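Trainee: Provided below are the primary sequence and the corresponding predicted coordinates.
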Amino acid sequence: MEFCIINSPLGFTKIVGDEDGIASVTILNSEEKITDIIPIELEDCAIQLNEYFQGSRKIFDLKLNVQGTDFQKKVWEQLEQIPYGKTTTYLELSKQIGDVKSIRAVANANGKNPLWIIVPCHRVIGSNGALTGYAGGLHRKKWLINHENPYKQLALFLS
């Protein structure tokens, strides 16, 4: 597996993958050395992430090679169906999976998503509209939701 470190508005981001696809994209909580030469297998991912942060990309078009249980993959596939700029709840996601009682398992699978931003787990909120649970930190989840908000000027007034 190849890897690279890129910078984003939310911190240093590590991309891991090979010719079979992107295996993980994670936000790091420490300062890292930015990769000078990005491996060719990861170039598209780095470019598309930069386009996302610049506001010119809403849908990722990457070959993915994600590892997880069948249930996790099912949840992650549902996450990919959440449109840019929209949110859903853990409850709605569990209904889409076909088992409303699986809400905790859905939340757990959401938290284990290895493809930060590309599989948009940040678009899942609590049933009461609260920003809950986010491996990258709630401040980043809030930033991402505001970034995707078509009414960005209104986001300035949200606490």
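Mentor: Structure received. Numbers count the residues shown, from 1 in each chain.

Trainee: do you know how far the residue nearest to S8 when sequence neighbours are not counted is from R140?
Mentor: Closest residue in space to S8, ignoring its immediate chain neighbours: F53 at 5.7 Å, by Cβ to Cβ, 6 or more residues apart in numbering. Glycine gets a C-beta too; all of them are placed from N, C-alpha and C. According to Cβ to Cβ, to the nearest Å, F53 stands 12 Å off from R140.

Trainee: how about the residue positioned nearest the centre of the chain, what does it touch?
Mentor: Nearest to the mean C-alpha position of the chain, by Cα atoms, centre = their mean, lies I117 at 2.3 Å. Residues near I117 by Cβ atoms under 8 Å, 6 or more residues apart in numbering: 25, 49, 52, 60, 144.

Trainee: For M1, state which of these is nearest.
Mentor: Each of the contacts of I117 was scored against M1 by Cβ to Cβ, and V25 proved nearest at 12.8 Å.

Trainee: immediately after the helix or strand encompassing that closest one, which helix or strand?
Mentor: Secondary structure from DSSP states H and E places V25 in strand 21-27. Following strand 21-27 in sequence order, the next helix or strand is helix 40-54 (DSSP H and E).

Trainee: and the angle from that following helix to strand 21-27?
Mentor: Orientation check (axes from the mean of the first three to the mean of the last three Cα atoms, to 10 degrees): helix 40-54 against strand 21-27 gives 40 degrees.

Trainee: can you pull the buried residues of the helix or strand just after helix 40-54?
Mentor: Using DSSP H and E, the helix or strand that follows helix 40-54 in sequence is helix 70-79. The neighbour-count check on helix 70-79 (16 or more other Cβ atoms under 10 Å) flags 72, 74-76, 78-79 as buried.

Trainee: Throw the residues you listed into TSV and include distance to A130 and pLDDT, thanks.
Mentor: Formatted as TSV, the buried residues of helix 70-79 follow (distance: Cβ to Cβ, whole Å; pLDDT from 0 to 100):
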residue	distance to A130	pLDDT
Q72	24	96
K74	25	95
V75	20	96
W76	22	96
Q78	20	96
L79	18	96
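
Trainee: And those, which is closest to L42?
Mentor: W76 (19.8 Å).

Trainee: isn't that closest one right next to T69, touching?
Mentor: No: with contact defined as Cβ atoms under 8 Å, W76 does not reach T69; the gap is 10.3 Å.
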